[in-house]
Every structure is written in structure tokens, then in C-alpha cells.
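*Asks:* fold the stuff below for me.
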Amino acid sequence: MNARAKSRVGPLVAGVDGAPALHVDALLADRSTNIIVCCGSGGVGKTTTSAALALRAAEQGRKVVVLTIDPARRLAQSMGIEKLDNVPRPVPGMASDGGSLDAMMLDMKRTFDDVVESQASPEKAAQILSNPFYVALSSSFAGTQEYMAMEKLGQLHATARSTGRWDLIVVDTPPSRSALDFLDSPERLSSFLDGRFIRLLLTPAKGPARLMTAGLGLITGALTKVLGASMLRDVQTFVAALDTLFGGFRQRAQRTYQLLQARGTAFVVIAAPEPDALREAAYFVERLNEERMPLAGLVVNRASRTPRGRLSAQQALAAAERLDEVDAEARQSGKTPPSPTAGLTAGLLRLHADRSRIVARESRLRARFSMAHPDVPTAVVPALSTDVHDLDGLRLIGELLSEHT
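*Replies:* A predicted model of the protein is given here:
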């Protein structure tokens with residue numbers, strides 16, 4: 001972890017499995033931190049963690065907006081908002097200490113439409129927005145959601161700086177196949193829009209381009225057979241209309257990328273205590289360091305709680321087997337009635353052994369991660385007995401995050 005990343009979390013103390021502890025409250029209280037990006041593979045609790053961090057920061061006096069890209073829409077339910085959309089909305093029922101909390105959900109098509117409308121004349125914007133190829137691109141093209149998340153982050157940051165409405169933006173990254181898609185998508189999408197074939201469609205038939213006319217005609221003829229003349233015309237019309245806007249796409253992507261590298265940004269990598277999730281987290285940590293992006297630390301969600309008692313898994317299993325033997329001997333002899341609770345006790349001992357083995361396995365996985373990345377501060381959040389569905393549940397998650405330190 002680079003020096004900038006270490007400065008985000010304050011002094012470190014010993015944490016779990018030999019890792020330094022992630023000081024969540026110190027991170028949230030640091031007024032120089034104005035963007036927190038929660039990232040990780042799908043299904044590890046990014047949305048809940050993002051919301052819990054945002055709520056805790058707001059109730060400690062920060063002016064916060066949390067941006068989620070979660071198709072399950074759990075955030076709206078947990079925050080008591082009937083509907084989340086592309087507009088930041090105040091969260092009711094917050095125990096404010098001078099802070100505030102707004103929440104929103106990315107609408108990638110609406111965000112793409114806003115970009116077009118803000119960068120083009122009304123006539124050209126209407127031409128682009130009604131183009132069938134644009135409708136498909138803005139709704140379902142691979143990488144569009146991640147790119148538009150970057151666009152929306154840039155918009156929120158600009159609004160925060162110009163109006164002072166927020167001093168902290170918390171971003172819940174898209175549930176992508178790979179967490180790295182959030183970093184890679186701007187370059188992929190802009191490369192597509194600036195690709196050689198797309199530019200060929202715009203090449204005027206003059207100068208050296210005349211030499212390409214015959215070849216391009218063959219390509220166009222082949223594509224017409226595959227795609228149909230109508231779709232090819234839609235693509236050509238879309239690219240011609242969007243051409244004047246392309247420079248803005250790349251420039252904004254570069255500015256947002258630089259924003260993610262700035263000192264005011266902190267990345268929190270989210271994982272579950274499972275091999276695949278921690279492997280993805282390790283890959284992301286390495287990529288963030290390569291790109292010189294400030295890493296605050298790792299949050300491991302849904303960790304199994306250590307069972308009560310001092311019995312090891314082996315001792316619990318041995319005791320369960322002994323109870324079974326004693327009970328079987330009593331049944332065979334007929335002299336001593338079998339214990340009515342022996343079976344239940346043996347079952348509880350085996351459950352204790354299973355839980356102990358799971359805890360030990362998760363601890364080994366976290367220790368392996370810490371050995372590979374010894375400078376990454378870590379917080380471990382134990383699994384809850386119920387799902388988080390309201391502000392009290394989010395407060396509990398926030399408390400568990402801070403208790404780790």
C-alpha cells in the first residue's frame with residue numbers, strides 16, 4: 001500500500017489475523033476524505049456496507065450522498081425511501097448531528113441521455129436520442145453501466161464543489177462479473193467509440209481515403225448482408241451524430257479517473273470470507289496499488305462468529321462420540337435407561353464442532369490474505385441472524401465496523 005493510502009486511515013493497531021485494523025470512524029471523520037468507493041465482487045455486501053458507511057458518516061455530522069448501482073433495490077427499502085432513482089433524495093428518520101444523507105440509484109440510460117443533452121445542441125441531441133442504435137447502446141451495451149457510474153460520480157463531485165450540498169460521496173460500484181470492470185469500463189467504451197472501424201464509417205472520401213473506398217465498400221456490403229441495411233444506416237447515423245461529442249466522453253473519463261487517484265478519495269474493498277471473494281479482493285488491491293489509487297482497507301462481511309465455550313472442534317466431536325457410545329451401551333444392556341438428552345447434547349456438540357471448523361477455515365483464509373498484503377487494514381463484520389432492512393440494521397452494521405478498532 002502506498003503512502004497516500006496509509007494516510008487515509010490514521011494510525012494502525014493490530015487487527016484480526018495479524019492484519020492492521022481499519023479505522024472506519026477515523027476515515028469517516030476525516031474531512032479531507034470526500035469520496036469513498038466500495039468495490040468488490042458480486043454478492044459480498046457492497047450495497048449494505050456503502051449504506052452503513054454513509055449513514056454513520058451523516059449521523060456524525062457529514063453531508064453525504066450515497067450512489068448505488070444495485071438492481072435488487074435493497075437500499076431504498078433499508079433507508080425508508082419508497083423509490084430511488086437518478087435524483088438524490090433525502091433519507092427520512094436519520095438521527096442527524098448537523099449532517100444530512102441523500103440517496104440515489106443510477107439510471108444508466110437517463111445518465112447517458114443527460115450527457116448527450118448537456119453536450120449537444122437540441123437538434124443533434126434529439127437526433128441521437130431517437131436513434132435505435134443509441135437506444136441499444138445506452139441500455140444494454142457491455143460496460144455502459146460502469147461507465148455511467150463514473151459519469152454520475154463526476155457529476156455529483158462537480159455539484160458538491162459548486163454548491164456545497166455534500167462533503168462526502170459514497171459509491172456502491174456495479175455488481176459486475178469482475179470488480180475491475182468499474183476501472184476498465186471508461187477506456188473500453190471510449191475505445192469502442194473511437195475504434196478503427198467506427199472511425200472508418202466517418203472517413204470522408206477524399207485525399208488518401210479514396211484509396212480505401214473500394215475496400216470499405218466491400219466491408220459495408222458484407223455488413224449489410226449480416227446486419228441489414230437499416231441497422232447499418234442506424235449505426236452510421238449514430239456515429240456521425242455522436243462524433244462531435246466523443247472528445248467530451250474521453251476527457252470526462254480521464255478527469256474522473258484522476259479524481260479516483262486523488263488524495264480525497266478512499267477505496268474500501270469488500271469481500272466475504274470465501275476463497276473466490278478474497279481472491280478477487282486481492283486482485284483488486286493489487287490493481288489499485290498499480291494505478292496509485294488510495295486504498296483505505298478491506299472489509300470482510302458475514303464472518304462466522306466463534307462459538308461459545310473452550311472446546312475445540314476435535315474435543316467436541318470426541319465428546320459427542322462418547323455420548324453416543326454411552327447411550328448405545330445403555331440401550332443394549334437394559335440396566336440403565338438411556339439419557340433422554342444424550343442425543344440432543346451430542347447434536348449440539350457436533351454443531352459446535354462444525355462452527356469451530358468454519359471459523360478456523362475463515363481465519364486461515366483471512367490470514368493468507370494478510371500474509372500476501374500485510375499493509376492492508378482490515379475490518380471483519382460478523383454475520384447477522386437476519387437481513388438488513390431498515391436504518392437500525394444499517395446502524396448496527398456501522399457499529400460493528402467501528403467496533404473492530
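
*Asks:* shaky segments in the stretch 301-405 of the chain?
*Replies:* By pLDDT under 70, the low-scoring segments of the stretch 301-405 of the chain are 316, 320, 334-339, 404-405.

*Asks:* tell me where it has helices.
*Replies:* 313-333, 342-372, 391-403 (DSSP state H, counting those that start in this stretch).

*Asks:* deepest-packed of these, please.
*Replies:* Burial of the helices of the stretch 301-405 of the chain is given as mean neighbour count (mean count of other CB atoms under 10 Å); helix 391-403 ranks first at a mean of 18. Every residue, glycine included, has its C-beta placed from N, CA and C.

*Asks:* about what we covered before: right, and the helices of the stretch 301-405 of the chain - which one's nearest residue 31?
*Replies:* Comparing the helices of the stretch 301-405 of the chain by their distance to residue 31 (CB to CB), the top pick is helix 391-403, with 17.6 Å.

*Asks:* which strands or helices does that closest one pack on?
*Replies:* If you count contacts as 3 or more CB pairs under 8 Å, 6 or more residues apart in numbering; DSSP states H and E, helix 391-403 packs onto helix 24-29, helix 46-59, helix 74-78, strand 378-382.

*Asks:* contacts for the last one?
*Replies:* Counting by CB atoms under 8 Å, 6 or more residues apart in numbering, strand 378-382 makes contact with 15-17, 19-22, 24, 45, 49, 297-305, 366, 369-370, 397, 400-401, 404-405, all of which sit outside it.

*Asks:* so which residues of the protein form strands?
*Replies:* 35-39, 63-68, 89-90, 100-105, 168-172, 265-271, 295-303, 378-382 (DSSP state E).

*Asks:* what's in contact with the shortest one?
*Replies:* Strand 89-90 is contacted by residues 81, 100-104 when judged by CB under 8 Å, 6+ apart.

*Asks:* would you convert the helices of the stretch 301-405 of the chain into TSV that also reports distance to residue 118?
*Replies:* As requested, those are exported to TSV (distance: least, CB to CB, whole Å):
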stretch	distance to residue 118
helix 313-333	61
helix 342-372	43
helix 391-403	34
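
*Asks:* out of these, which gets nearest to residue 275?
*Replies:* When the helices of the stretch 301-405 of the chain are compared by CB to CB, helix 342-372 sits nearest residue 275, at 6.4 Å.

*Asks:* next, the angle strand 378-382 makes with that closest one.
*Replies:* 160 degrees (axes from the mean of the first three to the mean of the last three CA atoms, to 10 degrees).

*Asks:* and helix 342-372, how far out from the chain middle?
*Replies:* For helix 342-372, the separation from the chain centroid amounts to 28 Å (computed by CA atoms, centre = their mean, to the nearest Å).

*Asks:* so where's the protein shaky on pLDDT?
*Replies:* 1-18, 70-75, 82, 140-143, 175-182, 185-250, 316, 320, 334-339, 404-405.

*Asks:* got the domain ranges for it?
*Replies:* By the assignment in automatic domain parsing, the chain contains the domains 3-198+252-307+363-403, 313-361.

*Asks:* most packed of those?
*Replies:* When the domains of the chain are scored by mean count of other CB under 10 Å, the highest mean neighbour count falls to domain 3-198+252-307+363-403 (a mean of 19).

*Asks:* any idea how far apart the tips of stretch 116-131 sit?
*Replies:* 12 Å (CA to CA, to the nearest Å).

*Asks:* noted, bye for now.
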